[in-house]
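A.B. asks: pasting a predicted model and its sequence here:
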Amino acid sequence: MIDMENENEQMLKIDFAFTDEFGQESRLTKTFTDAVLEHGSYLEFLVDEFKHFMLGAGFSQKTVSKIQIIEEK
């Protein structure tokens, strides 16, 4: 989701949420300037942020490291 914070600058806002089997919610909401995306693709950026969220929500590094971008040929 892209929000306009002011007339001249675009912001990217991401929001991930996970509810465990006990009903406890983990949530990550971040807002970035568009400059953060100048060094890579949107997809790579979102996957990296999702991995950070998964680690913070308590998933193991072994599980999170299995998340990969696979390009079809």
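C.D. replies: Received, thanks. Residues are numbered from 1 along each chain as shown.
A.B. asks: surely residue 49 touches residue 15?
C.D. replies: No - shown here, residue 49 and residue 15 do not form a contact pair, counting by Cβ atoms under 8 Å, at 10.4 Å. C-beta here means a position set from N, CA and C on the backbone, and glycine is covered the same way.
A.B. asks: what sits closest to residue 15 if chain neighbours are left out?
C.D. replies: Spatial nearest neighbour of residue 15, chain neighbours left out: residue 29 (4.6 Å); criterion: Cβ to Cβ, 6 or more residues apart in numbering.
A.B. asks: okay, strands next: where are they in the chain?
C.D. replies: 2-4, 10-19, 25-33 (DSSP state E).
A.B. asks: reformat those as CSV; add mean neighbour count, distance to residue 43 and mean pLDDT.
C.D. replies: Converted to CSV, those look like this (neighbours: other Cβ atoms under 10 Å; distance: least, Cβ to Cβ, whole Å; pLDDT from 0 to 100):
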stretch, mean neighbour count, distance to residue 43, mean pLDDT
strand 2-4, 9, 15, 44
strand 10-19, 14, 13, 88
strand 25-33, 13, 15, 90
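A.B. asks: of all those strands, which one is nearest residue 67?
C.D. replies: Ranking the strands of the chain by their distance to residue 67 (criterion: Cβ to Cβ) puts strand 10-19 first, at 12.6 Å.
A.B. asks: since that was my last question, I'll sign off now.
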